[in-house]
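>>> Need coordinates for the below:
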Amino acid sequence: GYCSPVMFKHNNKDILVSMLSKSIIGINPSDGKLLWRQAHPTDYGVNPNTPIYHKGTIIYFSGYGQGAGILKLSEDGTSVKLTWENKKFDNQMGGAVLLGDNLYGSGHKSKDWHCLDVNAGKIIYSSGELKQGCIISDGKMLYCYSENGKVSLVKPEADKFVVKGTVAIKEGK
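Residues are numbered from 1 along each chain as shown. The predicted structure follows:
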């Protein structure tokens, strides 16, 4: 699955979450016992993106024909319920950034960059201005490193991405 696990507190209980080649799992880190498993197979058994914990939910996303979804954790964290899925937010690798209730990242088969409302599971807007790639944030701005070797500083607005500047990374430098 290639995923780095993440650990978080849910109602004062530690939970470790990771994605395997065909599923998302929750583990009790104190005893290693499996708490729950949610199927999430991809075309090639690749789930490289670390899930995100947000307000009692787990946001997950993959490329390879699968997309994103959100799992609602039970109060005690021992089970999950699928709330929504969205095939268009199909981030292959390079992660996504959550700012408020919006998830930002690039697609795989849907190659645009997307802004997704995590409450509704709907794409708010998309842009093909940048090539797909990796993303990080400082909490306000997005830093998008595209597969064409360009890093763009992007301001996410309510209805569009605004590219504030771009710099090319020279190969081997």
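>>> Give me the below-cutoff pLDDT ranges for this structure.
Counting by pLDDT under 70, the chain shows low-confidence ranges at 172-173.
>>> most centrally placed residue in this structure?
Ala96 (4.2 Å; CA atoms, centre = their mean).
>>> My guess is that residue contacts Leu103. True?
Yes: look at Ala96 against Leu103 with CB atoms under 8 Å: they come within range, at 5.3 Å. C-betas here are computed from N, CA, C, even on glycine.
>>> any idea how far the residue nearest to the centre of the chain lies from Ser23?
19 Å (CB to CB, to the nearest Å).
>>> related to what we said a few turns ago, for the residue nearest to the centre of the chain, give me its contacts.
49, 52, 59, 61, 89, 103-105, 135 (CB atoms under 8 Å, 6 or more residues apart in numbering).
>>> coming back round to it: now list whatever residues contact both of Ala96 and Leu103.
52, 59, 61, 89.
>>> what's the closest of the residues you listed to Lys81?
Ile59 (14.0 Å; CB to CB).
>>> ok, and for stretch 54-67, which residues are buried?
Buried residues in stretch 54-67, counting neighbours by 16 or more other CB atoms under 10 Å, are found at 54, 57-64, 66-67.
>>> Can you flag which of the residues you listed belong to helices?
If you go by DSSP state H, those have nothing in helices.
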